[in-house]
Structures are given as structure tokens and as C-alpha cells.
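K.L.:
What shape does this take:
(one chain, ligands or ions: 1)
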Amino acid sequence: MSQVKKVAVVGSGTMGNGIAHVFAQHDFAVSLIDTSADALKKGLATIEKNLERQIKKGVLQESDKQRTLANIRTFSVIADGVKEADLVVEAATENTDIKFSIFRELDLHAPPTAILATNTSSISITRIANATKRPEQVIGMHFMNPVPVMELVEVIRGYRTGQATIDTVLSCCRAIAKTPVEVNDYPGFVANRILMPMINEAIYSLYEGVAGVEEIDTVMKLGMSHPMGPLHLADFIGLDVCLAILRVLHDGFGNPKYAPCPLLINMVEAGHLGVKAGVGFYEYTPGSKEKIVAARFSNRQ
Ligand code: NAD
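P.N.:
Prediction:
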């Protein structure tokens, strides 16, 4: 099993900065790469803010914060950031063409021994691997949001991923204090294959007038011990993201049970995307994640 010391993270958005944070905190040398200078600046600011939160909670000390930040270097060009990497974790925008083009570049510029991982939520690892000449070294590392807090990494074995790649990635996950779970490469993997139909069913229950937003969420919170109701969770994930993943499940399996609820489609078309839009199944205080009230639904009023 190869020893990973240098990690490059491509994409400095919501997930990329969290992934850079956890590797740097555990003493890996991290190159954080983004084509947007603004995203790099925001990514570093978020890492600093999250480290301060960990210090306030008593989980880390001030010296850990300085050490973590010193372990991160930023780059705006992939070729510069990955040239010495043992492991690259791609966490760029969820778009097939963008991922294929990044993996072609990674294959050209990362050392031939480097493992190329993707944090994609829904794109086939096997297809992404085909963009490279090293498919046995391509794998899925599906981190959960927020990365510094969530323990799970879904490790996805593409059709041609080699056992040495899997073993190295499992050991890297443990080295950053995460729990890896190995799964095979089928639409939605495991997390989204189970979560998204549940969210879709919650939306159908609202659409068919079985119950209101707060009632549905309360049943799942108090009845099933979920920390957050499925409609509130959908607002956090983004309704556009939920719709895109349901379409991947629907297309990938060709099974009508994954068909997205028409209310979800309408809400996405109306721009009611959840927390990031200020309105979804709930209304939110502008610029904050705090919910105010359940939104009103025209099909029931
Ligand atoms: P995001 O939009 O917050 O960040 C994406 C970043 O990628 C942006 O900063 C963008 O500038 C950068 N980028 C785009 N093209 C690039 C390129 N060619 N080279 C370098 N950087 C580039 O997205 P996100 O929510 O962090 O999602 C990233 C990935 O993680 C996606 O594949 C997504 O499906 C997956 N994911 C997201 C979540 C989540 O809850 N947000 C959870 C699990 C997995």
C-alpha cells in the first residue's frame, strides 16, 4: 500500500475547503486548487472560521489552528497544484463535462503513481475513470457535509478500481479520523439511493395533501429519531441538487419509483431552492440558515 503524505484538493467550495481542512488538520501537506481566486479566498476564510469554532468547543487548541493553516497552500492552476500529489481529491462543480476535463488534466499532471479520487454525489466513477489512462487508480471518496463534523466517507469502487487503490484510500480515511464504508459504483451509491427516495416520498406526501410541511418533518424527527425532518434537510441540500440526483436514479435504473415529484420540479423551476434561495419548504431569514415559517403551497390553498 502506498504511503500518502501530499494531498491535492481540486475545488475550494463547500466540500473542497472542508476536505482540505480535515487533511491539513491531520498533518497532510495540502494543495488547495480552484480556478476562482474568490473561491480560494472564501475557502481559506471558512477553514479559519471552522477551526476557531473547534477551538471554542474545546476540540482543538490555537496551536492546532496555526499548524493546520500552515499545512495548506493554494493554487489557481491544476498542473501546479497536483505535480507532487500522492492523492488528489476532486471536489469541483457537479457537472459531467467539468469532471471529465479535470480528470484528463489530473492524468496528465499528477505523478503516475497518484490516486485520483472524486467527491461526486452522483456521477459514475467508472465513467470518470474512463477519462484517464489509469482507471485502476480512480475511486470515489464521497464526503458528507459539513466535512469537519461528519464521520462518514462513502468509498466507491469503480468497475476497474484496483484493490491497492481501495486499501490506500481506506487507510487515508482512518488517518483523518473518518469512518470509510466501501460500496460499489451504481447510481446514487448507497447514501443518496436511500436518502433521495425518502425525501421524494416526503414531498409526495405534501403534494398529495397527506400532511403539511411541519407535520411531515415532526413525524420523522420524533417518530424515527431523525435529527432533521426530510423537507428541512432537502432545503439544506438544495432542491436543485435533490432533483438532479433523483434524475440520475431515475435514468440509471429506469424504474418509475425514482420519478421526481411534480411539486419538486415546480419548486426548482420557481427558484425556491431552499436555504440558499431564502425559500424552499420553509422561509429563511435572509443571509442565514435560520428558518422562520413553513412556506405556503399553492396546490393546497
Ligand atoms: P461548490 O459549488 O460549493 O464548489 C465547487 C468549486 O469548484 C467552486 O469553487 C468552483 O470555482 C470550483 N471549480 C469549478 N471548476 C473547476 C476547475 N475546472 N478547476 C478547479 N476548480 C473548479 O460545490 P460543492 O457543494 O462543494 O460540491 C463539490 C462536489 O462535491 C460536487 O461533485 C458535489 O456533488 C459533491 N458533494 C456535495 C455535497 C454538498 O452537500 N454540497 C455533499 C457531498 C458531495
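K.L.:
residues contacting Val59?
P.N.:
Val59 makes contact with no residue, according to C-beta atoms under 8 Å, 6 or more residues apart in numbering. (Each C-beta comes from the backbone N, C-alpha and C, glycine too.)
K.L.:
what do you get for Thr126?
P.N.:
135, 158-160, 185.
K.L.:
Generate a PyMOL selection restricted to the buried subset of those.
P.N.:
Buried members of the contacts of Thr126, defined by 16 or more other C-beta atoms under 10 Å, are picked up in PyMOL with:
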select buried, resi 135+158+160+185
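K.L.:
Redo the contacts of Thr126 as CSV? Include secondary structure and pLDDT.
P.N.:
Conversion of the contacts of Thr126 to CSV gives the following (DSSP: H, G, I helix; E, B strand; the rest coil; pLDDT from 0 to 100):
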residue, secondary structure, pLDDT
Pro135, helix, 98
Gly158, coil, 98
Tyr159, coil, 98
Arg160, coil, 98
Asp185, coil, 98
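K.L.:
can you put the contacts of Thr126 in a markdown table and add distance to Glu84?
P.N.:
Shown next, in a markdown table, are the contacts of Thr126 (distance: C-beta to C-beta, whole Å):
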| residue | distance to Glu84 |
| --- | --- |
| Pro135 | 22 |
| Gly158 | 24 |
| Tyr159 | 29 |
| Arg160 | 25 |
| Asp185 | 28 |
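K.L.:
Distance-wise, check Ser122 relative to the ligand.
P.N.:
According to C-beta to the nearest ligand atom, to the nearest Å, Ser122 stands 7 Å off from the ligand.
K.L.:
Could you confirm whether the helix or strand hosting Phe23 reaches the ligand?
P.N.:
Per DSSP states H and E, Phe23 falls inside helix 14-25. Yes. Helix 14-25 reaches the ligand (C-beta under 6 Å from any ligand atom) through 14-16.
K.L.:
what angle sits between the helix or strand that that helix is followed by and helix 14-25?
P.N.:
Sequence-wise, the next helix or strand downstream of helix 14-25 (DSSP H and E) is strand 29-33. Interaxial angle, strand 29-33 versus helix 14-25 (axes from the mean of the first three to the mean of the last three C-alpha atoms, to 10 degrees): 160 degrees.
K.L.:
so when I look at Asp251, I'm seeing a strand, right?
P.N.:
No. With DSSP: H, G, I helix; E, B strand; the rest coil as the criterion, Asp251 is located in helix rather than a strand.
K.L.:
List the buried residues in stretch 89-104.
P.N.:
89-92, 94, 99-100, 102-103.
K.L.:
Now do that stretch: distance from first to last residue.
P.N.:
Terminal residues of stretch 89-104 are spaced 14 Å apart (C-alpha to C-alpha, to the nearest Å).
K.L.:
Please see if it touches the ligand.
P.N.:
Yes. Residues of stretch 89-104 are located near the ligand by C-beta under 6 Å from any ligand atom, namely 91-94, 98, 102.
K.L.:
and what of stretch 195-206?
P.N.:
No. Stretch 195-206 stays clear of the ligand (C-beta under 6 Å from any ligand atom), getting no nearer than 10.9 Å.
K.L.:
For the helix or strand bottoming out on mean pLDDT in the chain, list every residue counted as buried.
P.N.:
Sorted by mean pLDDT, DSSP states H and E, the helices and strands of the chain end with strand 291-294, the least confident at a mean of 82. Across strand 291-294, burial judged by 16+ other C-beta under 10 Å covers 291, 294.
K.L.:
right, quick check: stretch 30-39 against the ligand, any contact?
P.N.:
Yes. Stretch 30-39 lies within reach of the ligand by C-beta under 6 Å from any ligand atom, at 33-36, 39.
K.L.:
Tell me which two in the buried residues of stretch 89-104 are the farthest apart.
P.N.:
Within those, Val89 and Phe100 form the most distant pair, 16.8 Å apart (C-beta to C-beta).
K.L.:
circling back to that earlier point, pLDDT-wise, what's the bottom of the residues of helix 14-25 next to the ligand?
P.N.:
In terms of pLDDT, the lowest of those is Thr14, showing 91.
K.L.:
and it, how many neighbours?
P.N.:
Using other C-beta atoms under 10 Å, Thr14 is surrounded by 14 other residues.
K.L.:
I figured it hits Pro148, correct?
P.N.:
No. Look at Thr14 against Pro148 with C-beta atoms under 8 Å: they stay out of range, at 11.8 Å.
K.L.:
How many neighbouring residues does the closest residue to Gln3 other than its chain neighbours have?
P.N.:
Closest residue to Gln3 apart from its sequence neighbours, by C-beta to C-beta, 6 or more residues apart in numbering: Asp86 at 7.2 Å. Neighbour count for Asp86, taken as other C-beta under 10 Å: 20.
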